[in-house]
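> build me a model:
(chains A, B, C and D, ligands or ions: 2)
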2 protein chains.
Amino acid sequence: MQITSYTDYALRVLLYLAMTPNRQANITEISDFFNISRNHLVKIVHQLGSKGFVKTTRGKGGGLSLQRPPEMINIGELVRSMENHFNWVECFDPTQQNCRLLPACGLKQLLARAGDAYLQMLDAATLADVALGTTPVEVAQSEAPATAHSECNQNQSLTTETQENNL
Amino acid sequence: MQITSYTDYALRVLLYLAMTPNRQANITEISDFFNISRNHLVKIVHQLGSKGFVKTTRGKGGGLSLQRPPEMINIGELVRSMENHFNWVECFDPTQQNCRLLPACGLKQLLARAGDAYLQMLDAATLADVALGTTPVEVAQSEAPATAHSECNQNQSLTTETQENNL
DNA sequence: TTATAAGTTGTATTGTTAATATATCTTTAA
DNA sequence: TTAAAGATATATTAACAATACAACTTATAA
Ligand code: SF4
Ligand code: SF4
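Ligands and ions are numbered 1, 2, ... in the order given. Now for the predicted structure:
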């Protein structure tokens, strides 16, 4: 169970822009910072632009910046915009209505409620809430490029056991 | 965003068994009922057995049945057992700790909380809560095999817009 | 005691789709 | 008028869920 990296990358872009409020950033700079495919980011940024999250300016000296202040950018709204469906199980897809239990499956209703709970949690937060106080430059300095950090694995909380299974 | 059909199939098996409480069902019968791969179901049933959800008996006249009463089978527990990870984004995977924002990303914490909200909602329900009152036979009779039903598209609630995006 | 109906286990293949790459645009400030 | 930026479309790759295949073990009904 996961969200696409496409959506996470979009969030990273917004976080980056929130950290560099006084200038135009550009795609190359961001893809370099996160070490992800520039081509992929281009599409993500384009969609962020068309959905009204970032302002893009072409041409020399162009780049991108947040279209609204971080307090006005809702995380739930963003995830809904970037994630391409929320079909928790097959029967949520209007084109796949062939489960024999469908007419009144209690499970479907439960999963819908759980999905809503997930999104409502995201609706309760804005970019300002999740943005770090640090700028990318500071982060870059405090970062040892190679190995992982020890402070990281807090708060996986309920989602334990897992790993292995399937196949 | 979706859960694997592997997990949904597991839930379907339990629902089916809950509907046929007074006898042993078998895998072939269930895979026929839902029109899904028998081979795939075999693995799912095996895992359901090893995790203590169903009792399987081999040999002629064998089959499977619920190991505990439906009121004792928690949906959240089941989903945790079947889904093979809850790595909402890359950084949740202990082997992928290379996001530059990692040491203290507020987004990660938010996503963890949202994931917990999702699972807690599932923890609040048991198989008894989601099982229909009907038996598979009744369902089969009331079901026109081909076209979709009209009563179905209730409660997608918050998860609207979507469709298209990406690529 | 034996034939057969069940589940068990391991591996290989297929299909889908997210992720990435390539290439050619258009726009615009210096 | 050129170089630096984003826009757009298409093609390729990679990951992994889903499925298929094959050979095994167990148990019981005849
Ligand atoms: S079992 Fe219920 S939730 Fe799962 S696909 Fe069928 S109708 Fe949907
Ligand atoms: S941006 Fe935050 S949530 Fe996303 S991968 Fe990086 S650390 Fe994790």
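> report the contact partners of the closest residue to A:Pro69 other than its chain neighbours.
With C-beta to C-beta, 6 or more residues apart in numbering or on different chains as the criterion, A:Pro69 has its nearest non-adjacent residue at 7.5 Å, and that residue is A:Ala128. C-beta here means a position set from N, CA and C on the backbone, and glycine is covered the same way. By C-beta atoms under 8 Å, 6 or more residues apart in numbering or on different chains, the residues touching A:Ala128 are A:18, A:69-71, A:73.
> wait, a strand at A:Ala128?
No: secondary structure of A:Ala128 (DSSP: H, G, I helix; E, B strand; the rest coil): helix, not part of a strand.
> any idea how far it is from DNA strand C?
26 Å (C-beta to the nearest atom of the strand, to the nearest Å).
> filter the contacts of A:Ala128 to the buried ones?
A:18, A:70, A:73 (16 or more other C-beta atoms under 10 Å in any protein chain shown).
> the first one and A:Ser65 touch, don't they?
Translated: A:Ala18. No: with contact defined as C-beta atoms under 8 Å, A:Ala18 does not count as touching A:Ser65 (9.9 Å).
> all strands for chain A, in order.
Remark: strands assigned in chain A by DSSP state E are A:54-57, A:63-66.
> so how far is B:Leu48 from the residue of chain A positioned farthest from its centre?
No residue in chain A sits farther from the centre than A:Arg100, which is 34.6 Å out by C-alpha atoms, centre = their mean. Spatial separation of A:Arg100 from B:Leu48 under the definition C-beta to C-beta, to the nearest Å is 19 Å.
> so which bits of chain A are right by DNA strand C?
A:4-6, A:36-37, A:39-40, A:42-43, A:57-62, A:84, A:167 (C-beta under 7 Å from any atom of the strand).
> those also near DNA strand D: which ones?
Within those, those near DNA strand D by C-beta under 7 Å from any atom of the strand are A:39, A:42-43, A:57-62, A:167.
> need the pLDDT of the residue in chain A positioned nearest to DNA strand C.
Nearest to DNA strand C, among the residues of chain A, is A:Gly59, at 2.2 Å (C-beta to the nearest atom of the strand). The per-residue pLDDT reported for A:Gly59 equals 93.
> surely the residue farthest from the centre of chain A touches B:Ser31?
No: using C-beta under 8 Å, A:Arg100 makes no contact with B:Ser31, being 11.7 Å away.
> what's the spatially closest residue to A:Met82 that is not a sequence neighbour in contact with, if anything?
Closest residue in space to A:Met82, ignoring its immediate chain neighbours: A:Thr7 at 4.2 Å, by C-beta to C-beta, 6+ apart. For A:Thr7, the contacting residues are A:78-79, A:82-83, by C-beta under 8 Å, 6+ apart.
> any idea how far ligand 2 is from A:Thr7?
According to C-beta to the nearest ligand atom, to the nearest Å, A:Thr7 and ligand 2 sit 9 Å apart.
> if we can go back for a sec, narrow the buried ones among the contacts of A:Ala128 to those in helices?
A:Ala18 (DSSP state H).
> make TSV from the buried ones among the contacts of A:Ala128 and add pLDDT to it.
As requested, those are exported to TSV (pLDDT from 0 to 100):
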residue	pLDDT
A:Ala18	95
A:Pro70	96
A:Ile73	97
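> since that was my last question, I'll sign off now.
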